[in-house]
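Enquirer: Predicted model, plus sequence, below.
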Amino acid sequence: MISTTDFSIRSILGGYDKNFTYVITCNKTGIQVIIDAAIDLKHISHYLNNQPRAVLITHTHGDHTAYLEEYTKAFPNMIILGHPYSSTELYKVRFKSLEHKQLFNIGKLAFTAIHTPGHYFDSICYHLDSVLFTGDTLFVGRTGRVLSQRSNCNDLYNSVYKSILTLPKNTRIYPGHDYGDRPSITLEQNIKISPLLQAQNNNDFKLRMDDYEANRNMTS
């Protein structure tokens with residue numbers, strides 16, 4: 001699904017652990033969309049032209065929804081979009097769930113929702129033209145981890161290898177944290193630098209994940 005307009009992406013870094021919140025602006029209409037509520041509103045408000053139409057939630061780990069209540073109070077007409085399992089009492093009145101591979105438009109911005117469980121049960125990526133907002137499913141240089149109670153390594157393998165890596169290799173990912181040697185990367189480049197994206201099968205992926213956890217840099 002191709003958007004009928006040009007757009008810009010503003011990456012704002014901060015939050016709990018090098019989190020990103022993204023502000024997408026349609027250059028033709030001025031309509032804006034936020035990806036994740038990880039950054040205090042005072043740090044993103046000067047990038048907002050008016051009231052954003054929607055905030056897209058990549059998953060409900062607390063660092064990605066930390067400022068959602070602040071956003072909803074500031075922007076009373078803004079809707080919240082995410083996985084069907086993501087609705088909570090906090091924002092269910094304005095919440096709209098997205099099915100796997102659902103196409104949806106916000107103004108002239110045309111997105112596809114891709115369910116990517118693994119790092120967390122309600123992980124979802126957002127595909128917009130040649131870019132993909134991956135939350136904690138895929139980072140620069142590696143995949144997400146599977147340490148949460150509702151994480152699953154088999155699901156993560158399927159999400160990464162069968163949903164994400166089947167996209168065009170020039171797709172550029174915008175992850176939920178700044179954990180790599182650069183803030184954004186194409187799938188083709190990411191496969192080249194990441195052993196976790198070079199697995200031959202599910203069992204090989206699990207071995208590579210175990211090796212990563214045993215030897216990872218403790219600062220990320």
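Expert: Arrived safely, thanks for sending. Numbering: from 1, shown residues only.
Enquirer: Now the residue sitting nearest the centre point of the chain. Nearest residue, chain neighbours left out?
Expert: Among the residues of the chain, the one closest to the centroid is residue 135, at 2.6 Å (CA atoms, centre = their mean). Counting by CB to CB, 6 or more residues apart in numbering, residue 58 is the residue found nearest to residue 135 once chain neighbours are left out, at 2.7 Å. Where C-beta positions appear, they are placed from N, C-alpha and C, glycine not excepted.
Enquirer: give me the number of residues near that neighbour?
Expert: Using other CB atoms under 10 Å, residue 58 has 30 other residues around it.
Enquirer: what does residue 193 give?
Expert: Around residue 193 there are 15 residues (other CB under 10 Å).
Enquirer: Against residue 123, how distant is it?
Expert: 22 Å (CB to CB, to the nearest Å).
Enquirer: Next, the contact list for the residue nearest to residue 135, please.
Expert: 35-36, 64, 82, 123-126, 133-137, 176 (CB atoms under 8 Å, 6 or more residues apart in numbering).
Enquirer: possible to save the residues you listed as TSV with distance to residue 17?
Expert: Output for the contacts of residue 58, formatted as TSV (distance: CB to CB, whole Å):
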residue	distance to residue 17
35	17
36	13
64	10
82	20
123	17
124	20
125	19
126	21
133	17
134	16
135	13
136	10
137	16
176	10
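Enquirer: Most neighbours among the residues you listed, which one?
Expert: residue 123 (32 neighbours).
Enquirer: thinking that one is in contact with residue 158, fair?
Expert: No: contact criterion CB atoms under 8 Å: residue 123 and residue 158 do not qualify, at 11.8 Å.
Enquirer: Quick check: which element contains residue 55?
Expert: strand 54-56 (DSSP states H and E).
Enquirer: Report the rounded mean pLDDT for the helix or strand just after that strand.
Expert: Using DSSP H and E, the helix or strand that follows strand 54-56 in sequence is helix 62-65. Helix 62-65 carries an average pLDDT of 95.
Enquirer: pLDDT of stretch 147-159, averaged?
Expert: 96.
Enquirer: circling back to that earlier point, adding secondary structure and distance to residue 76, write the contacts of residue 58 out as TSV.
Expert: What follows is the contacts of residue 58, written out as TSV (DSSP: H, G, I helix; E, B strand; the rest coil; distance: CB to CB, whole Å):
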residue	secondary structure	distance to residue 76
35	strand	20
36	coil	20
64	helix	22
82	strand	19
123	coil	28
124	strand	24
125	strand	28
126	strand	23
133	strand	24
134	strand	29
135	strand	26
136	coil	29
137	coil	31
176	coil	26
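Enquirer: Measure how buried residue 92 is and give me the count.
Expert: 11.
Enquirer: can you check the one 3 residues further on too?
Expert: As a burial measure, the neighbour count of residue 95 was computed by other CB under 10 Å and equals 16.
Enquirer: Next, work out how far apart it and residue 105 are.
Expert: Taking CB to CB, one finds residue 95 at 18 Å from residue 105.
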